[in-house]
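S.K.: Using only what follows, build the 3D model:
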Amino acid sequence: NEAQCYDPQMRYQYFLSGLRNREWKAALNTLMVNSIEGAVIVLLAKNMHQPVEDDADFVDAAPRMQPYCK
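M.R.: Here you go, the predicted structure:
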């Protein structure tokens, strides 16, 4: 709503572009889901709502600062 996008297909594209997990994106593209509601149903049915951290998904994230130790 903040982007004032009322077209359901465009809202879904914004939703899809916000996903960081490649496995989730691949599953949604394979099943040709085209709505946010459908995507949520698929991810819940495949038990993909449980967080799994993959280092490759966070390559563009800022690196953590190492604590200063003597």
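S.K.: Can you give me the first-to-last residue distance of stretch 7-27?
M.R.: When the termini of stretch 7-27 are compared using Cα to Cα, to the nearest Å, they are 23 Å apart.
S.K.: what ranges of this protein fall below the confidence cut-off?
M.R.: Within the chain, the segments meeting pLDDT under 70 span 1-4, 48-70.
S.K.: Helices along that one, start to end?
M.R.: Using DSSP state H, the helices assigned to the chain run over residues 8-18, 22-30, 36-45.
S.K.: Any chance of TSV for these, columns mean neighbour count?
M.R.: In short, each C-beta sits where N, CA and C put it, glycine included. Converted to TSV, the helices of the chain look like this (neighbours: other Cβ atoms under 10 Å):
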stretch	mean neighbour count
helix 8-18	12
helix 22-30	14
helix 36-45	14
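S.K.: What residues does residue 28 make contact with?
M.R.: 16, 19, 39, 42-43 (Cβ atoms under 8 Å, 6 or more residues apart in numbering).
S.K.: where's it relative to residue 8, distance?
M.R.: According to Cβ to Cβ, to the nearest Å, residue 28 stands 15 Å off from residue 8.
S.K.: next one: residue 26
M.R.: In terms of Cβ to Cβ, residue 26 sits 22 Å off from residue 8.
S.K.: separation between the residue nearest to residue 9 when sequence neighbours are not counted and residue 24?
M.R.: Counting by Cβ to Cβ, 6 or more residues apart in numbering, residue 34 is the residue found nearest to residue 9 once chain neighbours are left out, at 6.8 Å. Plainly put, residue 34 is 15 Å away from residue 24 if you go by Cβ to Cβ.
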